[in-house]
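A.B. asks: Sequence plus the predicted model coming up.
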Amino acid sequence: MLDRLVLIMERLRDPENGCPWDREQTFASIAPYTIEEAYEVADACERDDMAALKDELGDLLLQVVYHSRMAEERGAFAIGDVVTAICDKMIRRHPHVFGDGRSPGWEALKAEERRGHADASALAGVALGLPALLRAEKLQKRAARVGFDWPDADGPRAKIIEELAEVEDAPDAEARAEEIGDLLFAVVNWARHHHVDAEAALRSANAKFERRFRSMEALADGGFATLDLAAQDRLWDRAKAAEKSPVSAPDSAPSPPR
């Protein structure tokens, strides 16, 4: 079945008879779609929606085939090389399963792989295109693997307090932006020490805010923007309370203050 998808992509990219839109795409123009599809896979997983997951995995697979086809047109590699590379990597990284039953450990395996690359840093390979919170966590985990880490959550918590003070003392907007970046990095570190996925936690907080905000708009019956902040805050409290007590749903609530 993969061969069929490969042939479809080859046809779409045909210089003479292919799709004009598909023919003009490049690695750079397709990359955002690849990232978007990966997030849609994650969303389907979070909702435990198997029908959506099937569709989204297909869309993500299309992205792999798309990039591979463009690389083949350059003479760099083809989809078969991609499959071979990941098969070899999985076997290499699991000698306890595919080898003699012993493994030197994850870090030893990764270090051996890095010896074949120009960048041998423990931080090598953490993609720049990752969401900032996720990349911060991955950088911290990589550093922790080689011993550069706080012994417990007290360290990053103290760092958060320190960074808050530095934000408040920043002399200008540029310095303030830098300090807020340091603060966010420290918060990710603190979350990691509490075994909390910062990216997932923020995604959940986003969803909660959106849900409650939409509930406030429904309570205001189209007049939300005309309310003062105190009235809006009261609606927020009602929306929050309605989530915790389903019997007091927004539809049955009295009219909001005007």
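C.D. replies: Alright, I've got the coordinates. Residues are numbered from 1 along each chain as shown.

A.B. asks: Provide a list of residue ranges in the stretch 1-150 of the chain with pLDDT below threshold.
C.D. replies: Along the stretch 1-150 of the chain, segments meeting pLDDT under 70 span 106-107, 114, 116.

A.B. asks: cutoff 80 now
C.D. replies: Low-confidence segments of the stretch 1-150 of the chain, defined by pLDDT under 80: 100-120, 129.

A.B. asks: Quick one: the helices in it, in order.
C.D. replies: 2-12, 20-23, 27-47, 50-74, 79-92, 95-98, 106-114, 132-145 (DSSP state H, counting those that start in this stretch).

A.B. asks: Nearest to Thr226 among those would be which one?
C.D. replies: Taking CB to CB, helix 27-47 is the member of these nearest to Thr226, at 33.9 Å. In this view, the C-beta of every residue, glycine as well, is placed from N, C-alpha and C.

A.B. asks: Arg47: neighbour count?
C.D. replies: If you count neighbours by other CB atoms under 10 Å, Arg47 ends up with 10.

A.B. asks: ok, now how distant is it from Leu7?
C.D. replies: 33 Å (CB to CB, to the nearest Å).

A.B. asks: again with Lys240
C.D. replies: Remark: distance between Lys240 and Leu7 (CB to CB) = 54 Å.

A.B. asks: what do you get for Ala153?
C.D. replies: 53 Å.

A.B. asks: Looking at these two, which is more packed in?
C.D. replies: Ala153 (15 against 11).

A.B. asks: Now do the contacts for the more buried one.
C.D. replies: 190, 193-194 (CB atoms under 8 Å, 6 or more residues apart in numbering).
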